[in-house]
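**Q** mind looking at a prediction? Sequence and model below.
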Amino acid sequence: MKILLFSMPDGTHPLYPRFCRPPNLGLASLAGSVKEEADVFVADLILRRKNVPAAVREALESVRPDLVGLSCMTFQYATATKIARLVRAWNPEAPIVLGGYHATIMHEEIAREGARLFDFVCRGESENTFLELVRAWKAGKRRFEDVLGLSWRDGSSFRHNPGRPLAQLADIAPPDRRSRLWSGYHIHGMGFDTAETSRGCTLPCNFCSITQMYGRSFRAYPLGRVLDDLDAAGRLGAKEIFLTDDNITLVPGHLEDLCRGLIERGTRKRVFLSTQASVAGLGRDLRVVERMAEAGFNLVFLGIENVSRRNLLAYKKGDISPMTREVIAELRRNRIMVMGGFILGSPDDDAEDLLEQFRFMEVEPLDAYLVQILTPYPKVAMTAQLESLGLVTSQDMRRYSGHFANVRTKHLSSKELDFLRWKHFPYYRSIRWFRDAVGPRMFPWAVAVEALFRIAEGLLEMARKRLFSEEYAFLKYMEKHISANLFFGETPDVRWPDVDKASAPISPAREPALTVPEASDAP
Ligand code: B12
Ligand code: SF4
């Protein structure tokens with residue numbers, strides 16, 4: 001039996017796929033779990049964004065699978081439905097399985113709307129669910145009621161089997177990275193891979209969908225297994241490995257033990273490591289930062305989220321702001337690059353609140369940024385709150401990447417949110433990035449290529465502003481942003497439903513006051 005697993009090509013902001021093409025770990029993990037039962041191939045479409053339909057057909061033709069699996073996040077679901085259609089057209093008999101975050105959260109809706117496109121939905125972590133499905137399919141069984149965690153098409157309707165208890169991580173086979181069909185994963189030109197040391201988080205942040213996946217839980221892999229897996233990824237060419245853990249600092253001792261193991265094994269001689277971490281987790285005992293540096297960590301994606309106490313409390317994040325500066329300073333002191341993660345657009349935000357965030361970014365020594373706008377992901381607690389306040393402006397989930405405003409605040413329209421971020425946070429299209437970004441410390445020629453792109457884009461934007469208007473330049477930027485994830489000839493729709501027309505002007509009354517001060521003026 002042959003299985004072909006696709007991850008989606010959609011990236012977030014237009015820059016992202018240019019400097020970073022990460023492999024999908026979930027699919028490699030599934031491949032590791034079913035490889036005794038079938039020949040499995042993983043096709044990460046992030047590597048083949050230029051012509052997605054051709055890449056899908058090429059993979060189908062070369063593998064000729066008996067079963068096809070698709071993985072998607074919420075903003076990639078629309079693409080997944082289009083790829084499912086291509087698969088159906090190629091071979092109407094090949095069953096299609098959908099899995100991943102969106103499938104887990106939305107299985108009931110998918111069963112209603114996408115019932116003709118998908119034959120199975122695997123909910124939650126799926127190494128065991130998928131393995132049992134494959135075994136049942138191979139055995140010629142056409143009823144699947146015994147497979148926990150599976151939703152399946154039974155005639156014209158879908159049946160949802162009971163959920164599956166969480167797995168013992170020690171029992172999960174290591175990911176099979178050799179199952180990948182294509183090469184080219186990188187971050188700034190360096191070989192890039194993903195690995196995990198734990199799953200889950202028990203904290204209550206209300207914008208996050210993690211509890212939908214694992215409930216409130218935390219499980220760690222055995223240390224030896226993690227170290228072997230990192231070595232295996234290194235042998236296949238990874239120079240930088242991103243640890244995908246939801247919250248690596250949640251349980252005191254976990255990260256410390258990992259660092260000790262990495263130091264003893266000498267992993268840092270072979271690969272650099274990066275991970276996401278919370279301010280509260282690192283701030284609990286800053287000595288861990290030094291251990292991380294010794295163990296080979298070179299980048300932390302730090303969940304700062306917001307520097308306003310009001311917003312942090314609204315996100316149920318706890319007031320981490322007093323600790324944030326200390327944690328950034330300690331990471332930098334240990335030469336670990338800091339990518340600051342921010343979320344803008346909470347219900348009470350006005351323009352000044354957004355500027356407060358930009359000022360912080362301006363003065364704090366961050367190396368890189370991920371500045372998202374609060375996104376009403378389905379079934380997370382924050383979404384219900386936003387809906388009850390009438391602040392959700394778009395149900396178009398293709399735009400739920402965090403880089404397009406789908407909410408408004410009590411004071412700003414969704415278009416104003418996007419505009420303010422574009423105007424006052426030009427990082428993604430600025431050569432300021434050379435001063436302090438992750439890139440320059442990574443791979444000089446990749447950085448030089450990025451520089452040329454940015455200079456060209458900067459000149460084009462300047463010309464648009466001079467010849468037409470600032471708003472025109474902004475609309476063109478957003479158009480490019482939206483077009484970046486249209487792979488099937490769709491026309492980009494640059495509209496904000498709460499503002500109605502693309503041409504509606506930005507409110508002039510609010511805008512002129514918005515000037516980011518020089519670093520020395522900032523608090
Ligand atoms: C690592 C990670 C990333 C990495 C790497 C992504 C990659 N290529 O692997 C980076 C940093 C790049 C990233 C970026 C983003 N991410 Co992210 N990310 C994660 C994180 C923390 C772990 C994912 C992971 O590897 N888990 C480990 C593997 C083993 O598990 P898995 O992927 O879930 O796969 C299992 C199951 O889902 C299932 N499964 C998955 N696919 C399939 C397919 C089939 C056929 C079957 C049967 C089963 C199946 O089986 C797998 C094995 O158990 C998750 C949180 C989480 N725990 O899921 C968020 C998460 C997936 N990310 C999220 C988001 C929003 C984003 C961004 C949009 C953020 C942003 N605004 O920039 C971007 C978009 C990325 C892009 N494509 O441009 C959200 C998605 C929410 C949603 N409702 O869709 C999550 C859930 C975070 C959260 N807590 O809310 N992300
Ligand atoms: S700490 Fe991170 S993973 Fe945990 S709930 Fe908050 S945002 Fe989600």
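**A** Sure, I can see it. Numbering: from 1, shown residues only. Ligands and ions are numbered 1, 2, ... in the order given.

**Q** tell me where the stretch 301-450 of the chain has strands.
**A** Secondary structure of the stretch 301-450 of the chain by DSSP state E, counting those that start in this stretch: the strands cover 337-344, 368-373.

**Q** between these, which gets nearest to ligand 2?
**A** strand 337-344 (9.1 Å; C-beta to the nearest ligand atom). (C-beta placed from N, C-alpha, C; glycine too.)

**Q** residues in contact with that closest one?
**A** Strand 337-344 is contacted from outside by 207, 276, 298-306, 311, 315, 328, 331-332, 354, 357, 361, 364-374, 402, 417, 421, 438, 441, using C-beta atoms under 8 Å, 6 or more residues apart in numbering.

**Q** which of the residues you listed fall in helices?
**A** Under the assignment DSSP state H, these contribute 311, 328, 331-332, 354, 357, 361, 417, 421 to helices.

**Q** what is the nearest of the residues you listed to ligand 1?
**A** The closest of those, once distances to ligand 1 are taken by C-beta to the nearest ligand atom, is Arg421, at 12.6 Å.

**Q** looking at it, the closest one is touching Gln372, isn't it?
**A** No: checked against C-beta atoms under 8 Å, the pair Arg421 and Gln372 is beyond contact range at 9.3 Å.

**Q** re earlier: please identify the deepest-packed of the strands of the stretch 301-450 of the chain.
**A** Across the strands of the stretch 301-450 of the chain, averaging neighbours per residue (mean count of other C-beta atoms under 10 Å) puts strand 337-344 on top, at a mean of 22.

**Q** parallel or antiparallel, list what pairs with that one.
**A** Its sheet considered, strand 337-344 pairs with strand 297-305 (parallel), strand 368-373 (parallel) by DSSP bridges.

**Q** and the strands in the stretch 51-200 of the chain?
**A** According to DSSP E, counting those that start in this stretch, the strands that the stretch 51-200 of the chain contains are 67-71, 96-99, 120-122, 150-154, 157-160, 186-187, 190-195, 198-199.

**Q** quick check, pLDDT for Ser413.
**A** Per-residue pLDDT puts Ser413 at 95.

**Q** before we move on, back to that, by mean pLDDT, show me the worst of the strands of the stretch 51-200 of the chain.
**A** strand 186-187 (a mean of 88).

**Q** partner strands of that strand and their direction?
**A** Sheet pairing of strand 186-187 (DSSP bridges) gives strand 20-21 (antiparallel), strand 190-195 (antiparallel).

**Q** highest average neighbour count across these?
**A** strand 190-195 (a mean of 22).

**Q** circling back: out of the contacts of strand 337-344, who's near ligand 1?
**A** Contacts with ligand 1 within the contacts of strand 337-344, counted by C-beta under 6 Å from any ligand atom: 370, 372, 402.

**Q** any idea which residue of the stretch 51-200 of the chain lies closest to ligand 1?
**A** For the stretch 51-200 of the chain, C-beta to the nearest ligand atom, closest residue to ligand 1: Gly99, 2.2 Å.

**Q** just checking, that residue touches Glu127?
**A** No: Gly99 is beyond contact range of Glu127, at 10.5 Å (criterion: C-beta under 8 Å).

**Q** of those two, who's got more company?
**A** Gly99 (27 against 21; other C-beta atoms under 10 Å).

**Q** excluding residues flanking it in the chain, which one is nearest that one?
**A** Cys122 (4.1 Å; C-beta to C-beta, 6 or more residues apart in numbering).

**Q** any idea how far Leu70 is from that neighbour?
**A** As judged by C-beta to C-beta, to the nearest Å, Cys122 and Leu70 stand 11 Å apart.

**Q** residues shared between the contacts of those two?
**A** With C-beta under 8 Å, 6+ apart, Cys122 and Leu70 have common neighbours 97-99.

**Q** Arg260: which of these is nearest?
**A** Nearest to Arg260 among the shared contacts of Cys122 and Leu70, counting by C-beta to C-beta, is Gly99 at 34.4 Å.

**Q** ok so, going back, could you dump the ones in helices among the contacts of strand 337-344 into TSV with pLDDT and distance to Ser198 added?
**A** As requested, these are exported to TSV (pLDDT from 0 to 100; distance: C-beta to C-beta, whole Å):
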residue	pLDDT	distance to Ser198
Asn311	90	28
Ile328	94	24
Leu331	94	20
Arg332	90	26
Leu354	95	34
Gln357	92	30
Met361	87	29
Leu417	96	34
Arg421	93	32
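
**Q** how about the residues of this structure by ligand 2?
**A** Going by C-beta under 6 Å from any ligand atom, the residues of the chain near ligand 2 are 201, 203, 205, 208, 210, 246-247, 278, 303.

**Q** which of these fall within helices?
**A** Reading helices off the residues of the chain next to ligand 2 with DSSP H, I get Ile210.

**Q** highest neighbour count among the residues of the chain next to ligand 2?
**A** Ser278 (27 neighbours).

**Q** not counting sequence-adjacent ones, nearest residue to it?
**A** Nearest residue to Ser278 in three dimensions, chain neighbours excluded: Gly303, at 4.9 Å (C-beta to C-beta, 6+ apart).

**Q** looking at it, that neighbour is touching Gly283, isn't it?
**A** No: counting by C-beta under 8 Å, Gly283 is not a contact partner of Gly303; they are 11.5 Å apart.

**Q** name the nearest of the residues of the chain next to ligand 2 relative to Ala80.
**A** Distance to Ala80 across the residues of the chain next to ligand 2 (C-beta to C-beta) is lowest for Ile210, with 20.7 Å.

**Q** contact partners for that closest one?
**A** Going by C-beta under 8 Å, 6+ apart, the list of residues near Ile210 reads 200-201, 246.

**Q** go with 6 Å
**A** Counting by C-beta atoms under 6 Å, 6 or more residues apart in numbering, Ile210 makes contact with 201, 246.

**Q** same thing with Arg332?
**A** Applying C-beta under 6 Å, 6+ apart, the residues contacting Arg332 are Pro365.

**Q** Pro365 versus that one, what's the distance?
**A** The separation that Arg332 has from Pro365, given C-beta to C-beta, amounts to 5 Å.

**Q** and for Val68?
**A** 46 Å.

**Q** kindly report the same for Glu145.
**A** 57 Å.

**Q** ok, and for stretch 483-492, which residues are buried?
**A** Residues 484-487 are the ones in stretch 483-492 that count as buried (16 or more other C-beta atoms under 10 Å).

**Q** between the two ends of that stretch, how far is it?
**A** Distance across stretch 483-492, first residue to last, is 6 Å (C-alpha to C-alpha, to the nearest Å).

**Q** touching ligand 1 at all, it?
**A** No: Stretch 483-492 lies out of reach of ligand 1 by C-beta under 6 Å from any ligand atom, never closer than 8.9 Å.

**Q** same question for that stretch, mean pLDDT?
**A** 91.

**Q** what does stretch 9-16 give?
**A** Average pLDDT, stretch 9-16: 77.

**Q** show me the domain layout of the chain.
**A** The chain resolves into domains spanning 2-160, 181-453 when parsed by automatic domain parsing.

**Q** got the contact list for Ala31?
**A** Contacts of Ala31 (C-beta under 6 Å, 6+ apart): 40, 42, 176, 179.

**Q** what about the third one, how many residues nearby?
**A** Think Asp176. Going by other C-beta under 10 Å, the residues that sit close to Asp176 add up to 19.

**Q** what about it, distance to Lys82?
**A** 27 Å.

**Q** again with the first one
**A** Distance, Val40 to Lys82, using C-beta to C-beta: 23 Å.

**Q** between those two, which one's more packed in?
**A** Taking other C-beta under 10 Å, Val40 and Lys82 do not tie; Val40 has more neighbours (27 against 17).

**Q** ok so the more buried one is a strand residue?
**A** Yes: counting by DSSP: H, G, I helix; E, B strand; the rest coil, Val40 is found in a strand.
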